[in-house]
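[1] Just to be clear, the model below is a prediction. Sequence and coordinates:
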Amino acid sequence: MKRLSFTILLLFAILPAAAQLYHPGEQLFYRVSYKAKMFPNTEVGAVEVKTSEVQLDDRKFYKVEGIGRTLPTYRWFFNLEDIYTVWINPETLRPARFESDLKEGDYTFQSYYTYDWDNDQIHTRWRRRQKPFEQKTMALTPESMDAIALFFTMRSSDADSFKPGVPATLQMVLQDTIRHLNYRFITRETKKIRNMGKFKTLRFECQLGTSEGFSFTDGTVFTIWISDDENKIPLYIESPVRVGSINAYISGYKGLKYPVTSLVK
């Protein structure tokens, strides 16, 4: 599982959109489970994504935090705590800074991104296991963002504009490379979410490319369901791994901007 399941969950809502849906006070809660042929569907982790408004360098920003942890019962086996933070310019609705602090067993990873939209550049710094920092400057395009920013960038789209089976590609900044994400809308369907009820959803299939850019031969494949309403809440994810599958589902939400009209009563 490691960071893969949590990173994918933070990418959960990567869909085409016209504008971002940043709403201070919003909180989304998820449970992550693992399932294999000889292993029951067992909850092993939790994820929270929350948005607030903060002051940074005498300027206002939207601050979005994504936090993933293994549940206490499984920390003896694999202790994971991943924290992703992004600061968004509320005027341009573009990311200004991004940080990640990952602790997974004896493995640690830190990364820092600074966006320079005036010059279409991004400056990245990263290190593993307390080694010296490495750094790189890369070209930016309007589609190039960190995982958290992409999460929100695509949540305000018009669902009626989705065309089944039509592929599209987005870009994600990861350390010293730009990764590409292929996705396609599959269908509308009603999906039951554990302890939450039935929701009208939009189903997408996605594939994250390898570090070689557009190479998808060994890229991660996953399926996502989002709420078919104005909030576009990521509701469920299913991602096969080498043995079994990782699943994540929403377990609660607070402070949403719009009513959850997708919930079937």
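    Looks like it came in fine. Numbers count the residues shown, from 1 in each chain.
[2] Show the end-to-end separation of stretch 85-104, please.
    17 Å (Cα to Cα, to the nearest Å).
[3] Kindly report the same for stretch 55-75.
    Terminal residues of stretch 55-75 are spaced 35 Å apart (Cα to Cα).
[4] What are the buried residues along that stretch?
    The neighbour-count check on stretch 55-75 (16 or more other Cβ atoms under 10 Å) flags 61, 62, 63, 64, 65, 66, 67, 68, 69, 70, 74 as buried. Every residue, glycine included, has its C-beta placed from N, CA and C.
[5] for the chain, which spans come out with low pLDDT?
    Residues of the chain meeting the criterion pLDDT under 70: 1-20, 36-39, 143-161, 170, 174-177, 209-220, 241-244.
[6] what about 80?
    For the chain, the stretches with pLDDT under 80 are 1-22, 34-42, 74-78, 140-163, 165-183, 206-222, 239-246, 265.
[7] Please tabulate the buried residues of stretch 55-75 in a markdown table and include secondary structure and distance to residue 191 as additional columns.
    Shown next, in a markdown table, are the buried residues of stretch 55-75 (DSSP: H, G, I helix; E, B strand; the rest coil; distance: Cβ to Cβ, whole Å):
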| residue | secondary structure | distance to residue 191 |
| --- | --- | --- |
| 61 | strand | 34 |
| 62 | strand | 29 |
| 63 | strand | 31 |
| 64 | strand | 25 |
| 65 | strand | 27 |
| 66 | strand | 23 |
| 67 | strand | 25 |
| 68 | strand | 22 |
| 69 | strand | 25 |
| 70 | strand | 26 |
| 74 | helix | 26 |
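[8] Looking at those residues, which is nearest residue 172?
    Of all these, the one with the least separation from residue 172 (Cβ to Cβ) is residue 66, at 13.8 Å.
[9] Thought residue 81 was touching that closest one, still the case?
    No - counting by Cβ atoms under 8 Å, residue 66 stays clear of residue 81, with 11.8 Å between them.
[10] Given the helix or strand hosting residue 49, what are its sheet partners and their directions?
    In the assignment (DSSP states H and E), residue 49 maps to strand 39-56. Applying DSSP bridges to the sheet, strand 39-56 is found paired with strand 27-36 (antiparallel), strand 59-70 (antiparallel).
[11] quick one, helices of the protein?
    In the chain, the segments counted as helices under DSSP state H are 2-10, 147-153.
[12] Now do the same contact list for residue 166.
    By Cβ atoms under 8 Å, 6 or more residues apart in numbering, the contact list for residue 166 reads 184, 185.
[13] For it, give its distance to residue 207.
    15 Å (Cβ to Cβ, to the nearest Å).
[14] got it, and residue 46?
    To residue 207, residue 46 is 26 Å away according to Cβ to Cβ.
[15] who are the neighbours in contact with residue 69?
    Per Cβ under 8 Å, 6+ apart, neighbours of residue 69: 45, 46, 47, 80, 81, 82.
[16] out of these, which one sits closest to residue 194?
    Closest to residue 194, out of all of the contacts of residue 69 and judged by Cβ to Cβ, is residue 46, at 13.6 Å.
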